[in-house]
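A.B. asks: sharing a sequence plus its predicted fold:
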There are 2 protein chains.
Amino acid sequence: MAGRGRGRPGEFELIERYFRPLATTPGAFGLSDDAAVFRPPPGEDLLLKTDLIAAGVHFFPEDPPASIARKALRVNLSDIASKGGIAVGYLLSLALPNDWTESWIKKFADGLRVDQETYGVTLFGGDTSRASGGLTISVAAIGRVPKDRMVRRSGARSGDLIYVSGTIGDAALALAIRTGRVKATAGKGTRALLDRYLHPQPRLALAPVLRAHASAAMDVSDGLVGDFGHIARSSGIAGDIEAAAVPLSPAARAIVSKHPETLATVLTGGDDYEILATIPPDRASAFEAAASAAAVPVTLIGSVHKGSGVRALGENGEPLDLAHASYDHFA
Amino acid sequence: MAGRGRGRPGEFELIERYFRPLATTPGAFGLSDDAAVFRPPPGEDLLLKTDLIAAGVHFFPEDPPASIARKALRVNLSDIASKGGIAVGYLLSLALPNDWTESWIKKFADGLRVDQETYGVTLFGGDTSRASGGLTISVAAIGRVPKDRMVRRSGARSGDLIYVSGTIGDAALALAIRTGRVKATAGKGTRALLDRYLHPQPRLALAPVLRAHASAAMDVSDGLVGDFGHIARSSGIAGDIEAAAVPLSPAARAIVSKHPETLATVLTGGDDYEILATIPPDRASAFEAAASAAAVPVTLIGSVHKGSGVRALGENGEPLDLAHASYDHFA
């Protein structure tokens, strides 16, 4: 219904030039067929997951195309990691706004290529179309896991310890800076936060450690407190998170010191893509040692109790009053 | 970034009320976890496919929500069918415009529920977010097929016969009527065409027949002539399609008789979701008998030759001059 821009390639040329080279597995048939074939290794289960990201919702339209591509892929790989899975590949749906350019697509595909090498995944197939508005990218990730060993949200038990990987709140603070809600001086610290917003780090290296030691796990995408609420509900338990124990990057710590009200943003803002896991206490040292061997920093932030709900506790041991526990895409 | 409408449910309530009931397989965990588990039957390959549909591109925003849902699912199931596959389930990504309503979502989910029963598939997981513009729906379909038995595009050989299922051109004519390019009187025939645009019929019943007899197959989504071009290129052969043999519905036949220039729309318009297959001549009677037993009408429309390219031949045996062989989403 809209005209093709002068000199822009058609749908088939786009696929041929930029996406076919990403389909490195024989089962993708170089994207020249209607479906891909994947033969799961015997004795393993498949993991299936889809997440979409949309311009103006999950990223800014002016963000670098390679970063948008990598975010779309990584938020899915993060889920596979949190379930103890090994990432295998992905399907890509790309709805392009009318003003797309070939150079944008090239950079987008380059971002995917770099990440495919980093994370050992391949493109199984995709679909490219015009969008009815801004850019929307949907990825469906395929992972595998030894039979019956997917790490569920529902396995947390009273007495378990709550751990989180990496640092929390960086991406949410970056978004607050970009939207002007928080003032921050330009500099190395702010750049580090912005990088965390653009480039989540799926913790695939932690997946075997989770399979070996975690009673429950998920990735933190909608906010630490609210996401632990999912584990609590699924497991039929309650959780206490000590706010002071939640690991912050130096840049996030500096902002929270200066603007204490941003602690709520850190605890509930989301976009962290870190792993939140519960570990039985007799497994804690082994878990910490294995995480350290996998070069993934993990921090003890709380504990699991009988009951329901999740509380973020302040330094005085009193629950903090958080307006929202997590990010809601429609709120 | 936008406000939630008064009285509208949040993301989690939406999932709980309308999508969780669609996740009928134990491996989807009632959509309460971060990924679904699927254990492929031993000795089978998985088929993976994704297709997206966007408002204003693949459907009209005012189309019935149940029809939009079913189209999103069915265009994917059509691919699984064309590869000789058995449909298993799907992942759903839904980017909703700002003016979504709960009643729209309810009807959308109802459409999916009806089709899940019809086609024996289940929802494995999904993601729902605001769109940056109009509605965009991406489905990733998972199918299975006996090991090494996916029907490829690349197996056509010189001498094979070209068959197509059902009737061709109905949906493209419906779109031409809806956009005003073709004038048609309101009536039963026009209603039948419009129904074909909204409700493609994935030919899953033909899948085992294709596995048994077809040398190559695909579904017709971008136009009969152009799509046969994909088989021709993949197989390294040429094809002749006899325009007069292409099966038309009574309503399409009436329009083409009145407006002969619409024959090009029929042959190249797309959105048919019928099966295009090549059959070795010594298999032709067995193929026709098996298709008939599966209650899927199939029609012989041409033949495969040495060379390259695809020609649509008129009644005089001369190639027709078609401006475009197929629909390009960016053209």
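C.D. replies: Arrived safely, thanks for sending.
A.B. asks: hey, let's count contacts and neighbours off CA atoms from now on
C.D. replies: Will do.
A.B. asks: and stretch A:50-68, what's buried?
C.D. replies: Using 16 or more other CA atoms under 10 Å in any protein chain shown as the test for burial, stretch A:50-68 gives A:50-59, A:65-68.
A.B. asks: among those, which are in strands?
C.D. replies: Per DSSP state E, strands hold the following members of the buried residues of stretch A:50-68: A:T50, A:D51, A:L52, A:I53, A:A54.
A.B. asks: where exactly do the strands run in the stretch 101-250 of chain A?
C.D. replies: Counting by DSSP state E, counting those that start in this stretch, the segments of the stretch 101-250 of chain A that form strands are A:122-130, A:136-146, A:161-165, A:216-220, A:238-242.
A.B. asks: need the ones you listed in a markdown table with distance to B:D148, mean pLDDT and mean neighbour count, can you?
C.D. replies: Shown next, in a markdown table, are these (distance: least, CA to CA, whole Å; pLDDT from 0 to 100; neighbours: other CA atoms under 10 Å in any protein chain shown):
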| stretch | distance to B:D148 | mean pLDDT | mean neighbour count |
| --- | --- | --- | --- |
| strand A:122-130 | 17 | 95 | 25 |
| strand A:136-146 | 20 | 97 | 27 |
| strand A:161-165 | 41 | 98 | 25 |
| strand A:216-220 | 35 | 98 | 29 |
| strand A:238-242 | 49 | 97 | 24 |
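A.B. asks: so for B:D34, which of these sits nearest?
C.D. replies: strand A:216-220 (6.7 Å; CA to CA).
A.B. asks: so what are the sheet partners of the closest one and their directions?
C.D. replies: strand A:274-279 (antiparallel) (DSSP bridges).
A.B. asks: how about the residues of the stretch 101-250 of chain A by chain B?
C.D. replies: A:124-136, A:138, A:140, A:150, A:152-153, A:218, A:234 (CA under 8 Å from any CA of the partner chain).
A.B. asks: hmm, back to that, now, among the ones in strands among the buried residues of stretch A:50-68, which is nearest to A:G229?
C.D. replies: Closest to A:G229, out of all of those and judged by CA to CA, is A:D51, at 20.0 Å.
A.B. asks: what residues are up against the nearest residue to the closest one once chain neighbours are set aside?
C.D. replies: In space, A:D51 comes closest to B:D127 once its chain neighbours are excluded; the distance is 5.3 Å by CA to CA, 6 or more residues apart in numbering or on different chains. Residues in contact with B:D127, defined by CA atoms under 8 Å, 6 or more residues apart in numbering or on different chains, are A:T50, A:D51, A:L52, B:L92, B:S93, B:L94.
A.B. asks: let's go with 10 Å and repeat that
C.D. replies: A:49-53, A:138, B:11, B:15, B:91-95, B:138 (CA atoms under 10 Å, 6 or more residues apart in numbering or on different chains).
A.B. asks: low-confidence stretches in chain A?
C.D. replies: Residue ranges of chain A with pLDDT under 70: A:1-6, A:325, A:327-331.
A.B. asks: which residues touch the closest residue to chain B within it?
C.D. replies: Chain A approaches chain B most closely through A:G133 (3.9 Å), counting by CA to the nearest CA. Contact analysis of A:G133 by CA under 10 Å, 6+ apart lists A:55, A:95-98, B:54-56, B:97, B:131-136.
A.B. asks: please apply the same query to A:V139.
C.D. replies: A:49-53, A:69, A:72-77, A:89-94, A:126, B:50, B:91, B:93, B:138-140.
A.B. asks: surely A:G223 is in contact with A:H324?
C.D. replies: Yes. With contacts defined as CA atoms under 10 Å, A:G223 counts as touching A:H324 at a distance of 9.4 Å.
A.B. asks: and those two? Which one has more around it.
C.D. replies: A:G223 (28 against 15; other CA atoms under 10 Å in any protein chain shown).
A.B. asks: quick one: the more buried one and A:G229, what's the gap?
C.D. replies: Distance of A:G223 to A:G229, given as CA to CA, to the nearest Å: 10 Å.
A.B. asks: related to what we said a few turns ago, may I see the ones in strands among the buried residues of stretch A:50-68 arranged in JSON lines, with distance to B:A109 as well?
C.D. replies: Formatted as JSON lines, these follow (distance: CA to CA, whole Å):
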{"residue": "A:T50", "distance to B:A109": "18"}
{"residue": "A:D51", "distance to B:A109": "18"}
{"residue": "A:L52", "distance to B:A109": "19"}
{"residue": "A:I53", "distance to B:A109": "21"}
{"residue": "A:A54", "distance to B:A109": "22"}
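A.B. asks: show me where the stretch 51-200 of chain A has helices.
C.D. replies: Assigned by DSSP state H, counting those that start in this stretch, the helices in the stretch 51-200 of chain A fall at A:65-82, A:102-119, A:170-178, A:188-198.
A.B. asks: report the buried residues of the first one.
C.D. replies: In this case it means helix A:65-82. So, applying 16+ other CA under 10 Å, buried residues of helix A:65-82: A:65-82.
A.B. asks: repeat for stretch A:207-218
C.D. replies: A:A207, A:P208, A:V209, A:L210, A:R211, A:H213, A:A214, A:S215, A:A216, A:A217, A:M218.
A.B. asks: can I get the CA coordinates of it in PDB?
C.D. replies: C-alpha atoms of stretch A:207-218 as PDB (Å, rounded to 0.1, in the frame of the first residue of the first chain):
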ATOM      1  CA  ALA A 207      22.600 -22.100  32.800                       C
ATOM      2  CA  PRO A 208      24.400 -25.400  33.800                       C
ATOM      3  CA  VAL A 209      25.000 -23.900  37.300                       C
ATOM      4  CA  LEU A 210      21.200 -23.300  37.600                       C
ATOM      5  CA  ARG A 211      20.400 -26.800  36.500                       C
ATOM      6  CA  ALA A 212      22.800 -28.200  39.100                       C
ATOM      7  CA  HIS A 213      21.800 -26.100  42.100                       C
ATOM      8  CA  ALA A 214      18.700 -23.800  41.700                       C
ATOM      9  CA  SER A 215      15.300 -24.800  43.100                       C
ATOM     10  CA  ALA A 216      13.700 -22.000  40.900                       C
ATOM     11  CA  ALA A 217      14.900 -19.300  38.600                       C
ATOM     12  CA  MET A 218      13.800 -16.700  36.100                       C
END
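A.B. asks: that concludes my questions; thank you for your assistance.
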